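**Q** Predicted model follows, preceded by the sequence.
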Amino acid sequence: MFKIKILTIGFTFLLLGCNNKKESNNNSNISWQEIEAKAKGASITMMMFQGDRKVNKYMNEYVVPTVKEKYGITLTIVPGQGKEIVSNIISEKEAGKQKSEIDLCWINGETFFQLRQIDGLYGPYTSKLPNFKYIDTENPIIKYDFQQEVKGYETPWGQSFYYLIYDSSKVSSPPVTMAQFEKWWKANPEKFTFSNDFSGMTLLKSWLVELAGGMNTLDSAFDEKKYNLYAPKLWNWLNTNKKYFWKKGETFPSSIADVSKMYSNGELVFTMSFNDAEIDNKVNEGVFTTTSKAYILQSGSIQNTHYIGITANSGSKEAAMVVCNFLISPEAQIKKNDIRLWGSRTVLAIDKLEKQWQDKFEALPKRKYGLDAAYIKANAIKELAPEYMLRVFEDFRKKVIEK
Amino acid sequence: MKNKGTILSFTLLFIFAIIPLVAGLGYALLYSFGLVGVLNHGFTLQYWKQAFADQAIAISFLYSSSIAIISLLLSVISALLVALRYYQLLKKGIYTYLINLPLAFPPIVAAFFFFQFLSKGGVVSRAAFQVGITHTMQQFPDLVNDRLSIGIILAHCFLSFPFFLLLFTGLIKTQRLHDFFQIAESLGANKRQITFRVAIPLLIQKSLPNILLYFIFIFGAYEIPVLLGRSHPESVSVLAVRKLQKFNMLDIPQGYVIAVVYTIFVVLFILIFLKQKKLAYAN
């Protein structure tokens, strides 16, 4: 009896903490000057991926002191990405917390999709940002985040594209089609694998696009019929060939970092990246050999944009907006684009900028190992709808790993 | 006074052990039945059905148990043998430090250490290449992320062996087992009989609760299997964390299902162990 009482008390206590309140958010009628004035003196927190030294340096040594100096905003960076951001916001909602611990978050794709599903993001707000006029809004890679229209709920921050890296001293002409991959694997067993994470799944999605007939064939919302038509072919193909993969395809590295590590010590001959500057940075640091080269598949390169979102329960949306506006200023974007600092491609349309900024962009050092911007743009595959990622991730486990 | 002490200790136990356990388990239960959670819409059995639709949970429980049993067998047996053979030596300075060193390693460091050491591009493989035992990296055997989980088992043994060695040498000292050995010897037992019929049964009996608790520790381990294991099969913790934290938010309730099953398993295990402990002392 006593136990039942304890349980009942426990459950009631829990349930009490679980009602959610929606906060209406509106900043629609105030001017930008007023927003900046309100932002002054605020302290806000940004949750973002902190696994890259250059990215951390850009944030901690440039963005944080500059927003403090220019706008009087104290910006704190905390580590966390994707699912962690979503889990945090879910937990706060479940606990009925009114003011979120996170004000800004670095997101895209399924994180954006999931945060929108749970009304976790503030918006639409981007049209209020004075620097938003410079954004390359016609670019479908920026306008749609994994096929979902952004609609002002997140600020474009930088662009990424998917490419493969190979060691040209070991591979003369890298495979660009599935048939060529098959041939290469057979001739070079155990020298290839991909990670069981976002990077690896993007390679699978690229092959899915190839199976479906190439660029644009899997655009727009998730199509169950198409998926059921092409995905089984992909699993069959992988199951037939995985015996030529690293460790005979019986296991896959859990993260792309592991693949890159094995690439750098020569255990593998290919790795992949979503970080435009990675190949140049890693070669310069001596981690990758100078014979490393970047290339994309014949079907194209999956590309996406990463964004900054403001949480719906942020305690200082004004300060968050001011920081967003700063992050898309030509000044901040030039530094972000600079391969010596971060090397992520800008979201600004260069031709919309004033001449002085255009010149500065033009004067940036060129990539030595990375790929040319125009070539990449011409071969862009828009990121598929987030459901493709979820399905590919799940089916890859069930139909390939567990087989 | 005694009564006051009992009330205090019970209150502390209640606040720090029972409430968090009941609250945590309660929350996991409610979540797994769709009663709490932003994306849930009320009571449903769907997540329990989904979680048991494939054999992932059963496989991971079997896998984690096997790893724990094999690791414990290896480390307990070797610790027993070393403790009995080198008991005198282990009492002295430097050896005690050397032997206890691995105890200072957190599991994640141990996991990294074994990865750097045993992978195909690791230290051992490089040494083998340099001295001409292997000619390509591929020739080096699979010792991490391998089919037989050798890397995981070695890492667990590395951490648990000194623990058991310390435990056994301590027991030999505090329980004055040497007196028993001498009695056995004077009664005409030979070395072999002393070891297998007196020393080992006594040590195992005295340390059974620790061995069983260590089983739970290895069973629930996360860092070692996540770094040194394969994509499939997965240990229980790796599976639960994948469901709770990877891409699909709709898998979160299934993560809680695993947490509930895991808690029930551990609680049952402890209940059985308590019974065992009573038996051990009754003897």
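**A** Nice, thanks for sending it over. Numbers count the residues shown, from 1 in each chain, chains lettered A, B, ... in the order given.

**Q** element containing A:Leu75?
**A** Element membership for A:Leu75, per DSSP states H and E: strand A:74-79.

**Q** Which elements pack onto that strand?
**A** Other helices and strands packing on strand A:74-79, by 3 or more Cβ pairs under 8 Å, 6 or more residues apart in numbering or on different chains; DSSP states H and E, are strand A:43-48, helix A:64-71. In short, each C-beta sits where N, CA and C put it, glycine included.

**Q** Give me whichever of the ones you listed is most buried.
**A** When the helices and strands packed on strand A:74-79 are scored by mean count of other Cβ atoms under 10 Å in any protein chain shown, the highest mean neighbour count falls to strand A:43-48 (a mean of 21).

**Q** Neighbouring strands - and their directions - for that strand?
**A** strand A:74-79 (parallel), strand A:104-107 (parallel) (DSSP bridges).

**Q** Which stretch among the ones you listed is buried most, on average?
**A** Of all the strands paired with strand A:43-48, strand A:104-107 carries the top mean neighbour count, a mean of 28, counting by mean count of other Cβ under 10 Å.

**Q** Using CSV, write out every CA atom in it.
**A** In CSV, the C-alpha atoms belonging to strand A:104-107 read as follows (Å, rounded to 0.1, in the frame of the first residue of the first chain):
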residue,chain,number,x,y,z
LEU,A,104,20.3,30.8,-30.6
CYS,A,105,21.1,27.5,-32.2
TRP,A,106,23.0,26.4,-35.2
ILE,A,107,20.7,24.1,-37.1
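
**Q** Residues touching that strand, excluding its own?
**A** A:44-49, A:80-82, A:85, A:111, A:115, A:154, A:157, A:306-311, A:314, A:320, A:323-324 (Cβ atoms under 8 Å, 6 or more residues apart in numbering or on different chains).

**Q** Repeat that for stretch A:42-59.
**A** A:72-81, A:84-85, A:88, A:101-106, A:257, A:275, A:277, A:281, A:308, A:314-316, A:318-320, A:323, A:335-336, A:341-343.

**Q** Then stretch A:128-145?
**A** A:27, A:32, A:35, A:108-109, A:112-113, A:126, A:149-150, A:154-156, A:159, A:303-305, A:307, A:321, A:324-326, A:328-330, A:347-349, A:352-353, A:380, A:382-383.

**Q** Could you do stretch A:164-173 as well?
**A** With contacts defined as Cβ under 8 Å, 6+ apart, stretch A:164-173 is touched by A:174, A:184, A:203, A:263, A:269-273, A:278-279, A:288-289, A:291-297.

**Q** Name the residues of the stretch 51-200 of chain B found near chain A, please.
**A** Taking Cβ under 8 Å from any Cβ of the partner chain as the contact definition, the stretch 51-200 of chain B meets chain A at B:54, B:120-121, B:137-138, B:142, B:145-147.

**Q** Of those, which pair is most distant in space?
**A** B:Asp54 and B:Met137 (35.1 Å; Cβ to Cβ).

**Q** who's more crowded, those two?
**A** More crowded of B:Asp54 and B:Met137, by other Cβ atoms under 10 Å in any protein chain shown: B:Met137, with 21 against 12.

**Q** okay, the nearest residue to that one once chain neighbours are set aside: pLDDT?
**A** The shortest distance from B:Met137 to any residue other than its chain neighbours is 4.9 Å, reached at B:Lys120 (Cβ to Cβ, 6 or more residues apart in numbering or on different chains). If you check B:Lys120, the pLDDT there is 87.
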